[in-house]
Structures are given as C-alpha cells and as structure tokens.
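S.K.: quick one, fold the following:
(chains A and B)
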There are 2 protein chains.
Amino acid sequence: MSASQEVERWDIFQLDLTGPSDGNPYTDVTLKAEFSDGDQAVTARGFYDGDGQYAVRCMPDTPGEWTYRTESSEPALDGIEGSFVCTEASDGNRGPVRVADTHHFEHADGTRHSSFGTTCYAWTHQDPAVQERTLETLAEAPFNKLRMCVFPKWFTYNRREPVRHPFEGGASGDPDFDRPDPEFFQHLEDQVAQLRDLGIQADVILFHPYDKWGYSDMGDEADDRYLEYVIARLAPYRNVWWSLANEWDRFDDKDESDFDHYFQVVQEEDPYDHLRSVHHLSEWYDFEKPWVTHCSIQEREHQDMAQWVDEYEKPVVNEECGYEGDIEKSFGSISGHYMMNQFWLGVTGGGYVGHGETYRHPEDILWWSHGGDLHGSSPDRIKFLRDLVEEAPGPLEPISMKTDRPPWGAHANEDYYLFYFRFYQPSLWSFDLPDDGEFELEVVDPWEMTIRPLGGTHSGGDEVELPGDDYMAVRARRVE
Amino acid sequence: MSASQEVERWDIFQLDLTGPSDGNPYTDVTLKAEFSDGDQAVTARGFYDGDGQYAVRCMPDTPGEWTYRTESSEPALDGIEGSFVCTEASDGNRGPVRVADTHHFEHADGTRHSSFGTTCYAWTHQDPAVQERTLETLAEAPFNKLRMCVFPKWFTYNRREPVRHPFEGGASGDPDFDRPDPEFFQHLEDQVAQLRDLGIQADVILFHPYDKWGYSDMGDEADDRYLEYVIARLAPYRNVWWSLANEWDRFDDKDESDFDHYFQVVQEEDPYDHLRSVHHLSEWYDFEKPWVTHCSIQEREHQDMAQWVDEYEKPVVNEECGYEGDIEKSFGSISGHYMMNQFWLGVTGGGYVGHGETYRHPEDILWWSHGGDLHGSSPDRIKFLRDLVEEAPGPLEPISMKTDRPPWGAHANEDYYLFYFRFYQPSLWSFDLPDDGEFELEVVDPWEMTIRPLGGTHSGGDEVELPGDDYMAVRARRVE
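M.R.: This next block holds a predicted model:
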C-alpha cells in the first residue's frame, strides 16, 4: 500500500479522476464525493477541469484520517474510494473566517480576525505583469481582505477586454454559458491561493452588473450551474468569502428574489459555510435574512456605524466608503484624510471598513479595479489603525448609539477603550470610563500616526486635558 | 412756529411725553400714536421710560413731512399732535432687511444683504469693559448680524449674575414682571444702536430656556406685556430681527402653540414687520407657518442646505452649525476648518450660515455668550467667503438638490457659478455650466484664501484639470 496523501488542516485535498471528454461534461456529468473523518461527513460537488480530467476537492477541518467515496452519473467516476491524512495546520494557517461575538470575525482556530479590506474588482482580468504587481503591492499593504469579481468588468476606466474569458466564445463576443473555460478558473484559483498565502481573504463577488458580454444575465439555469461550478472549485480555499453581487440593486434583470435564490444555492453548495453577503448601491438587501452572515454596506456620507451595529445582530462592514482618488466621480475622489476618517468612524462604531483607491494613472491602472500600485495617503494610516485594533484585548463594541456627537467610542471588555473625535477639538474631556478603575490615557493622532501618553491615571468622570486638535483619538487602558 | 424736527429715513423719531409716575404706568397706562406721511399710517405703541417720562417712537420709511397724534388712557398723554420731517437716508443707512428673491435678503433701499452672522447670546449682560471690547471686535470682524438675548443667561460657562436685570427685583432673586427696569432696556437699545452703526443686524432673541430667575416662565399675561414693551422700544431700530427663542423646544412650560401666539403678538405689535423666526435644538418649528419670514436652523452634522432651500419658500439660515472652540461640549468644539466647511456648504446650497466661538478662556469670556475677543481660525475664512459672495452679481441659488455628491454648487443668474468640493479632490471635472457661453474658471482655496485663474475659457461639458486637493472651490464667470 502506498502511504496516504497528507493534507494540512484547512488546506485542499484534491481527488483527480479521469473520465469522458466527449459530449459536454459540464452539463451532462454529475459528480460528488462524501468525505468523512469518521465523525462527520462533508459532501462536495466535483467539477470537470478539461481534457477528460475531473476533480473533487475537500477542505478537511479535523486532523486525522479522512475517507471518501464518489457518486457520479458516469460509471468511470462512480464509487471510487480512498483516504488521506489531515495533519495539523502549519504556521499562518488559521482556517476560514467565521462570525464570532455577534458583530465580529475570527478564524476557525479561534484567532481574532479584524477585517481591513480593500478592493481590486477586476485584478485577475489584467495583464499578467499587472497581476504580479498587485500581489507584490498587497504583500506590503495593510489589507487582509480583497473584494474581487469572478466576471470581467465593463465600466468607466474599464473598457478593455479581459485577458481570458470565463466561458468559451467570450473573446469573440458570444460566450457559451454551457462551456466554462477551465484555464480561466484555474487562474482564478491560483490567484485566490496567492492571496491565501499572503494572509488575505478573497471576497469573491459572484455577480455584478457592469458587463457587456452577457454574464450579468445568463438565465436562471446557467446562473445556478455557474454557482455550483465556482463553488465546487473555490469553496475548499479557506480564505474565500462569498459576495453575491457588487451593487445587486443595479441589475436590469435581477431582483431581490433572484438574490434570495442565489444565497440559497450558495448555502446549499458550500460545504464549509463560508461567509456570505451582498453589496448594494443604494438599496440595502435585507441583511436580516438568515442566509446573510454579515452586512456589506456602501455608505460614503452617513456615519452611523454604531446604529447599524445595534440594528443588525451581525458584523457590519462598510465595504465601500468611497475610494481615495482624484477621478471625475464622486465615488472615486475622496481624500486620504476622509478615508482615514471613515476607517476610524467604522472601527469606533464597532464595525469594519473597506478601502479602495482611484487615482488617475497614465495607463488607466486604478487600484480599485485593476490593482497595480497604491498611490494614496490612507493605506499607511489604515495600517496604523489596524495595528492599534489588533493590539486591543478583544473585538471593539460601540459605547454609544449617538452617532452625531463626539467622541465616537468603542471598548473591548472593561479594560480597553478607543475614542475618536472627528472634526471636534476639545481641549478638555471627561471620558465615559468605568469609575471602578484607573486607566492610562494616550492621545493618538490618526493622521500623523503618533501615540503620546497623557501621563498619570484617570477614571470615569475625570476631566482630562487634551491637545485640542481636530481628528484626535484617545486610547484608554486599565492599569488597575 | 419752531422748525420741524428732522429725522432721516429708517432712523428713529421719538415723541417724548410727561405723564403720571404714580401707580404702575407699565400696567395701567395705554399709549399709542398714529404716524402718517399723508399716504400711509403707522400705529406704534408707546412705553413708560421711568421718572414720569413716556415715549412713542416711529421709524419713518418715506421722506417728507410726517404728522402724528397720540391716543392714551391717560388724558395728559392723549390727543397730542405734531409733525416732523423725514429726510433722505445718509450713507450707510440702507434701511431694514427684508426677504427678497424668495430665499434671500435685501435692505429696504434695494441693496442685497448676504447674511454672515455670529452669536454673543449674553453680551449685553457682561461687564462694561467686555461689552466695549465686543463692539471693538465686531468692528473688525466679518459679521453683519449678531444673535443676542434680551434676558440674561444661566448655563454652563454662564453662572454669573448679569450686570443689570430686565425687571425690578431681579438682582435680589425676585423679579417683578410688572415692573421693567427702564435703564436695562435703555442700555439694550444703546447696544442695538451701536450694532446698527457698525452695519450689524441685531437678531434679538426674545425668550430662551437657560434661565434661573423666572424669565422663561413669566406667565401668559406678563409674556405678552413684555413683548409689547420690548417691541415698542426696539422695533424702530432698523437693524432689528426678531428671534422668538433660542431652542424653543427646550422650555419646560412652553410648547409650539405658545410660540404661535408669540409670533402673532410680534406680528401685530411691530409696525415695520421686521424679520421673524425661531431657533430650535432638535425639533424644528413649522417654518411654513405664515408668520415665519425665514428658517432659523441649528444643524451641525447634516449638510442638506439645498434640500432645505428647496423645501421652504423662505430664506434658510443655519444659525448654529456648531461653535468653533475647544470646550468639553459637542456644540462648542468644532474645528475652524469644519466651520469654514459649514459656511461653504451653506452658501453653495443657497442658504446662509451663522458663526459662533467657544474657546476656553482664563476668565471664562467665551465669544458665543460673553463676546470679548475672537480667537479662532474661521473668521478670516468667513470674511474671504463673504467678500466672494458679495462680489457675485446676485444672490446664489443651488444648482442641484443632491446634497450627497460633489460639487455643492450655486449660481447667480446664468453668468456666475460657485462650486465647492468638500472632502472630494478630483483632478478633473466637467462643470454643470451652460453650453451657450464661455466662462473663466478660478480655483479657490477656502482655507488658504487664494484665488487662482485656471486659464483659458470653458463651457458646459468641458473637462477641466483641477489641482486635486480636498476642500477646493471653483468660481466660474461668464466672459461671453
């Protein structure tokens, strides 16, 4: 007997099979496998990978021996059995991200995940050199999530053909939705894996309306089969999140009931229950529906994170708070300073915020869609904030639902508080701290990225002298 | 016959009379006079000024000979006739301010009045030296309106007795609402006259809830008599505006129907129909009521001036958009930069904005209430904006009701446009200008207070290169 194949926990076991390549394996052949560690079973759909090759994947989540058995409409693929060994996770592999503590996230290994995302909608559709550069930039950037579309994008600054199409015939303008291009999806997976290796969640956007090829209106049957296929391929990647759409309310031919259905398909097809949400332009999808794991918001002007967090018993992520940049669009011309402000308001409101960038570029390579390089002033400030948040002893819950007066404030248990003053500049303040302890206070400058102890210790009700600058923050940590 | 007394147009003619000083002239004696230029008649209430002296005042608004005749419950004051000559207004005397062009103001002589107000609630109640300093400061400041209370104020930073009380017995804690103190009101008038001579409108706040002496709850009869008295004295000052209250929604014992009644009293008693409004904390009085001449708003967070202007067929003044300062209050700690932003959003939304300042001071002399000196960074920027607005060929109307996307913009006829970008920083923009003309564009920096021509001329639809800074403004003026 050959030694069992070894796969580390939350990594991918792939069963490769050979079968028929005639006809249309995509539409004609069903393939599934049940994987079991003895206690629990995972049923995963397989997929046709071209050239007579079929595959079924599993992301094992418990160490030990796993067995499997296939089931297929094709005799050559049916009833195949075997086993593999799941080993402990290596360093840096924390498993998929789940909801934790109602409004927050953690990895499957229990480590906290504070979401600091960015957006490169169409990065996998760009020239290889740009994609390479995007990964190099991400390796140095402060972001741990990337919003990215499966389908190519047709929109302002995005009037070029993608390097490859998801379906055969796409390049000639007539995609055959019954024939996905395996190489397209292999490449997509490779890029998701690259993100995984950088510690970055891939927030995979399954549909979007900014289309000229027909991907936004493939028909019900093709939509479902596409979802089954992309989930069969990508769900075993531990860093995947599902975003049902970018701007679901902007489709000509899809309404909320269509997205209800897509959510149900994703929920049914994904054995690992990856995070699921949907992003809007102006009309919020009903995030209270049970299949939504977190709220994915686009809001540039309103500053009501604490109220949203209070309203939804789910994490809230303001995925699109505007893009730092200078293009001739309101969504793409907010200042780095305002972006910094958005992040601080989100975090001190008990939620999370996503970044994007749209500076004009001689070759029209704008981070928000194409990737490439970052040019703005906000990423450094976001890194500073992320470090601060990750040093906190726990996830941050808002102190007050009053989002129209300073300070915006959140706390982790009763020992750690973070306050933010936005455009208010008091030189004196009594912080809402417990009376029963003593706290060390530090003045944080979110723009200059400095932290300065105020000296002494303070408790609730004490009047504290502050520098009286605008956009101040204050960190308070219990010393006794 | 003696030569007739001469009074310039919109100045004050005062008929001084001697009558009984026994009993209570305030409650017992009625006195009115009808003034006529032959075409129109003005009926004005007189008032008791102490020491047996009575007075009736008239603000004549047409040059020529005016006659008068009194009517009184007291025979010694009844049926007195006479005349005076109204001369042309001297330089700087433009007459009272009225509503003009639906959303704007002008003086009675037809000159435009762009309202750039400030607030010193209790300045007339401070030590004489502070009052003197306030007037010196105002003489150099960019403001042409001052919000000020008749009654003294009891509130944070305002825990001192006023130098004088409006009613006898006030200083000993038991004011007699049947006995106003003439010297208090003479002083108030003197200060209103000082403002007039500086070209500053006195926005006289008739009631407010921040009280410990009882002035906020004098009873219906005393309230009405007080209004009659203060109007008899102050209405002839051409620079008076009436504000029925500061924060009408904060009184324990007054509701909207009380203010309806006060408005009606003011409307009936004031022969000159000075501007009337009422200020709120959070609940807006129904500004659509016919006796309200303009909307007096307190709004710090929301930026919807163009929508308010669209909703109300009246001028809109955001009287209290926060106070620049550093005190431990949300209302009193906005930055100078945010104050500047508030003024630009108001003006480019087709409305007006009021200033206030609350920097901590060793003797607790805070401009917002006490007057004294200005310390902030916003007044210079407000002056810069006021100059810009006053140079415009007419009042500014908003271009768009969309208050959530850049640029905020207003125009005066089809020849002059002013745009403001807030926290947006595009380096390219197509401005909403008419296609049928050519415009010179200038980049305005509202903070640095610079104006730089962009060069060339542009018309609607042209893409224009901009510096890509945040808080930019652009002025466009037609050249052909």
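
S.K.: give me the domain ranges for chain A.
M.R.: Following the assignment in automatic domain parsing, chain A carries domains at A:5-87, A:97-376, A:400-478.

S.K.: tabulate those domains (a markdown table), appending mean pLDDT.
M.R.: A markdown table is the format used below for the domains of chain A (pLDDT from 0 to 100):
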| stretch | mean pLDDT |
| --- | --- |
| domain A:5-87 | 97 |
| domain A:97-376 | 97 |
| domain A:400-478 | 95 |
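
S.K.: what's the closest of the ones you listed to B:Thr118?
M.R.: Using C-beta to C-beta as the criterion, the shortest distance between B:Thr118 and these is 18.9 Å, found for domain A:400-478. No exception for glycine: its C-beta is placed from N, CA and C like everyone else's.

S.K.: for that closest one, measure first residue to last.
M.R.: 20 Å (C-alpha to C-alpha, to the nearest Å).

S.K.: most neighbours per residue, which of the domains of chain A?
M.R.: Burial among the domains of chain A, expressed as mean neighbours by mean count of other C-beta atoms under 10 Å in any protein chain shown, is greatest for domain A:97-376, which shows a mean of 20.

S.K.: how far does that domain stretch from start to finish?
M.R.: By C-alpha to C-alpha, one end of domain A:97-376 lies 28 Å from the other end.

S.K.: ok, stretch A:404-414 next?
M.R.: The separation between the terminal residues of stretch A:404-414, taken as C-alpha to C-alpha, is 24 Å.

S.K.: re the thing from before, and the domains of chain A as CSV, adding distance to B:Glu328?
M.R.: Supplementary listing: the domains of chain A in CSV, determined by distance: least, C-beta to C-beta, whole Å:
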stretch, distance to B:Glu328
domain A:5-87, 50
domain A:97-376, 19
domain A:400-478, 5
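
S.K.: distance to chain B added to those, as a markdown table?
M.R.: Putting these into a markdown table (distance: least, C-beta to the nearest C-beta, whole Å) gives the following:
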| stretch | distance to chain B |
| --- | --- |
| domain A:5-87 | 41 |
| domain A:97-376 | 4 |
| domain A:400-478 | 4 |
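
S.K.: who's in contact with A:Gly349?
M.R.: A:303-306, A:308-309, A:398, A:403, A:408, A:410 (C-beta atoms under 8 Å, 6 or more residues apart in numbering or on different chains).

S.K.: outside of the strand or helix carrying A:Leu146, which residues touch it?
M.R.: With elements taken from DSSP states H and E, the one containing A:Leu146 is strand A:145-149. Around strand A:145-149, the neighbours that count as contacts under C-beta under 8 Å, 6+ apart are A:115-124, A:138, A:191, A:195, A:200-205, A:208, A:241, A:243, A:246, A:279, A:319, A:354.

S.K.: state whether A:His261 is indeed within a strand.
M.R.: No - when the secondary structure is assigned by DSSP: H, G, I helix; E, B strand; the rest coil, A:His261 falls in helix instead of a strand.

S.K.: phi and psi next, for A:Leu77.
M.R.: phi -110, psi 0 (degrees, to the nearest 10).

S.K.: any chance of the backbone angles for the most centrally placed residue in chain A?
M.R.: Central residue of chain A (C-alpha atoms, centre = their mean): A:Asp203, 3.4 Å from the mean position. Torsion angles at A:Asp203 (phi, psi; degrees, to the nearest 10) stand at phi -90, psi 90.

S.K.: give me the beta-bridge partners of it?
M.R.: According to DSSP bridges, the partner residues bridging A:Asp203 are A:Arg147, A:Trp241.

S.K.: before we move on, back to that, ok, then the element right after the strand holding A:Leu146?
M.R.: Once the chain leaves strand A:145-149, the next helix or strand it forms, by DSSP H and E, is helix A:182-197.

S.K.: angle of that following helix against strand A:145-149?
M.R.: 170 degrees (axes from the mean of the first three to the mean of the last three C-alpha atoms, to 10 degrees).

S.K.: quick one: contacts for A:Gly356?
M.R.: A:118-119, A:320, A:322-324, A:367-368.

S.K.: now tabulate those residues in CSV and tack on distance to B:Gly170 and secondary structure.
M.R.: Written out in CSV, the entries for those read as follows (distance: C-beta to C-beta, whole Å; DSSP: H, G, I helix; E, B strand; the rest coil):
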residue, distance to B:Gly170, secondary structure
A:Thr118, 64, strand
A:Thr119, 64, strand
A:Glu320, 59, strand
A:Gly322, 54, coil
A:Tyr323, 60, coil
A:Glu324, 58, strand
A:Trp367, 66, helix
A:Trp368, 65, helix
